[in-house]
Structures are given as structure tokens and as C-alpha cells.
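**Student:** Quick check, what structure comes out for this input:
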Amino acid sequence: MALQQIKKVIIHDAIIENILRYVEENNLQIGDRIPSERTLAACMNVSRSSVRGAVKALEFSGMLEVRHGGGAYLRAKNDFSSFKYGKHQKENLVLLRHLIDARRMIEERVVTMVTPIITPEQVRRLYDMEEYQVSLIESGAEVEGSRYELPNMNFELAITAMLENPVILDMHQRLETAWKKAFRNLATTPFPARERYNHHIGIIQAMEKKNVKKAEKAMEHHNRILVAYIDEEIRKLDDLPQDEIRGSTVAIPAR
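**Tutor:** Residues are numbered from 1 along each chain as shown. Here you go, the predicted model:
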């Protein structure tokens with residue numbers, strides 16, 4: 001079985017599901033090594049930091065043993081149909097839902113203000129930023145804690161900085177700090193690297209053409225996809241009995 005590219009917006013569960021399916025369909029046995037983080041990231045078209053978070057979660061659950069410098073090995077094969085969530089997952093998802101509303105108030109307004117005044121040099125810098133970031137992530141060269149580690153809002157903050165309003169920029173930067181913290185608590189990232197890149201390129205192209213409505217619509221589309229997925233994740237947790245949310249066992253569907 002080949003590992004599949006990840007297309008879900010919030011990819012933590014999808015990576016776990018893919019790894020577990022790989023173990024089952026390839027009949028790995030206790031003590032067998034799973035593919036490296038670099039291989040998993042390349043096959044699934046996600047960042048290594050996303051894979052790392054999923055592997056850590058599987059290690060915590062007792063399914064994998066991670067050996068420093070030696071990879072991850074299958075430790076147990078039982079209970080592959082479920083994965084444990086804590087109550088804090090719902091709290092972080094709710095926080096993300098509030099944060100995305102705040103982001104939309106800034107980002108979808110700012111892009112309409114910057115588009116008419118953006119310069120060719122500023123457009124080029126946005127293109128260069130996106131090319132550099134996606135190349136780092138897809139090559140597995142991003143460094144945890146660096147400016148270019150996902151999840152970040154470098155692209156959106158760069159547009160806000162062009163407005164030259166320090167108050168709005170400060171608010172936006174504070175949002176990014178909370179955004180990163182919430183996603184790190186979930187051990188996930190908001191978008192696969194290439195999908196995120198494609199969204200941003202669409203925004204830049206509209207700004208380059210000075211098309212305010214199209215730029216606003218592209219930014220709205222980028223944010224709305226995330227809103228829909230967060231809402232769906234919260235709904236699924238709300239459908240569980242409260243005692244299951246506290247201790248919780250959430251089924252990972254087979255494909």
C-alpha cells in the first residue's frame with residue numbers, strides 16, 4: 001500500500017489515520033519500523049512538523065516507540081480503530097474558531113485597502129516569500145520554532161505591514177501568537193503546504209492585478225475553508241457524550 005497525500009484542512013487526524021492504515025495494510029509486526037518522518041511527509045505532502053506531532057501522539061497512546069535518532073517502531077497493534085482526545089482539544093478548537101473570526105475582520109479588510117496601493121516590488125516579495133516557504137516545508141528543511149514553521153501568518157502579516165498602521169499590525173501579530181499556541185496544543189497545522197501556497201498565490205495574483213473584489217474574495221475563501229472544518233470538528237465533539245469528551249475515544253474512520 002502506498003501512503004496517500006493528505007487533503008484535509010486540519011491534518012492531524014488524517015496523518016494518524018494514514019499511518020495506522022499503512023501499518024494494517026502492510027501487515028507490520030511489533031518491532032517493525034515505520035517510514036521516517038521525511039518519507040511520511042513527502043508521501044503525504046505535509047510538513048515534517050505535522051508528521052512529528054502525529055507520531056508523538058501515537059507514541060503517547062502506546063502504539064509507537066520512538067527511539068532518538070533511530071526512528072519510530074510499532075509497539076502495539078491493538079485498538080487501531082480509535083484515538084484518544086482530551087477535553088482541551090475542544091477548547092482549542094473553540095479558541096481557533098474565535099481567532100479566525102478576528103483574523104477575518106483584519107485580513108479581509110486589510111487586503112481591500114492594500115490592493116489599490118501595492119507596488120510591483122511588494123508583489124514580488126510576496127511571491128518570493130511563498131516560494132521560499134513551500135520549498136522549505138516540502139523539502140523537510142523547516143526548523144521548529146523558526147519564522148517559517150507552520151502554523152504561521154507570515155503572508156497575512158506581510159500584507160498588513162504594507163498598510164503602515166502600527167496599531168493594526170500589532171493586533172494582527174498578537175493574533176498570530178495565540179493562533180500558533182492553539183495549533184501547537186492540537187499538535188497540528190491548518191493546511192497542507194501546497195494547498196496553503198495555492199490559496200496565497202491566488203490572493204497575490206488578484207492583488208497584482210489591482211482587483212480589489214477578487215483579492216477580498218480569495219482571502220475570504222482561504223479563511224472560510226478553515227472555518228468550515230473547525231466547525232465540523234467541534235460539531236463531532238459536541239455529538240459525543242460529555243464523559244467521552246473528557247476521556248474521549250474518537251473513532252478514526254476507515255477509507
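**Student:** Was I right to think residue 90 contacts residue 235?
**Tutor:** No: in this structure, residue 90 is not within contact of residue 235 by C-beta atoms under 8 Å, at 10.7 Å. From N, CA and C alone the C-beta is placed, and that goes for glycine too.
**Student:** Looking at those two, which is more packed in?
**Tutor:** The neighbour comparison of residue 90 against residue 235 (other C-beta atoms under 10 Å) goes to residue 90, with 19 against 9.
**Student:** Strands along the stretch 1-150 of the chain, start to end?
**Tutor:** 64-67, 71-74, 82-84 (DSSP state E, counting those that start in this stretch).
**Student:** no wait, the stretch 151-255 of the chain
**Tutor:** Using DSSP E, counting those that start in this stretch, strands in the stretch 151-255 of the chain cover 249-251.
**Student:** which regions of it lie under the pLDDT threshold?
**Tutor:** Flagging of the stretch 151-255 of the chain using pLDDT under 70 yields the residue ranges 187, 240-255.
**Student:** do you know how far residue 43 is from residue 212?
**Tutor:** 40 Å (C-beta to C-beta, to the nearest Å).
**Student:** which residues touch the closest residue to residue 197 other than its chain neighbours?
**Tutor:** Closest residue to residue 197 apart from its sequence neighbours, by C-beta to C-beta, 6 or more residues apart in numbering: residue 134 at 4.3 Å. Residue 134 sits next to 193-194, 196-197 when contact means C-beta atoms under 8 Å, 6 or more residues apart in numbering.
**Student:** between those, which is nearest residue 185?
**Tutor:** Within these, the smallest distance to residue 185 is 19.9 Å, found for residue 196 (C-beta to C-beta).
**Student:** The residue lying closest to residue 149 once chain neighbours are set aside: neighbour count?
**Tutor:** Spatial nearest neighbour of residue 149, excluding adjacent residues (C-beta to C-beta, 6+ apart): residue 142 at 5.5 Å. Residue 142: 21 surrounding residues under other C-beta under 10 Å.
**Student:** One more: residue 170?
**Tutor:** Residue 170 has 11 nearby residues by other C-beta under 10 Å.
**Student:** With residue 92 instead?
**Tutor:** Residue 92 has 19 nearby residues by other C-beta under 10 Å.
**Student:** these two touch, right, it and residue 185?
**Tutor:** Yes: at 4.8 Å, residue 92 counts as touching residue 185 under the criterion of C-beta under 8 Å.
**Student:** Identify the residues contacting the residue nearest to residue 149.
**Tutor:** 47-49, 136, 148-150.
**Student:** and which of those is nearest residue 71?
**Tutor:** Closest approach to residue 71 among these (C-beta to C-beta): residue 48, at 13.3 Å.
**Student:** How confident was the prediction at the closest one?
**Tutor:** On pLDDT, residue 48 comes in at 83.
**Student:** In contact with it, which residues?
**Tutor:** Residue 48 neighbours (C-beta under 8 Å, 6+ apart): 37-38, 41, 137, 140, 142.
**Student:** now these in JSON lines, with pLDDT and distance to residue 58?
**Tutor:** Output for the contacts of residue 48, formatted as JSON lines (pLDDT from 0 to 100; distance: C-beta to C-beta, whole Å):
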{"residue": "37", "pLDDT": "89", "distance to residue 58": "12"}
{"residue": "38", "pLDDT": "89", "distance to residue 58": "17"}
{"residue": "41", "pLDDT": "87", "distance to residue 58": "15"}
{"residue": "137", "pLDDT": "76", "distance to residue 58": "21"}
{"residue": "140", "pLDDT": "68", "distance to residue 58": "19"}
{"residue": "142", "pLDDT": "70", "distance to residue 58": "21"}
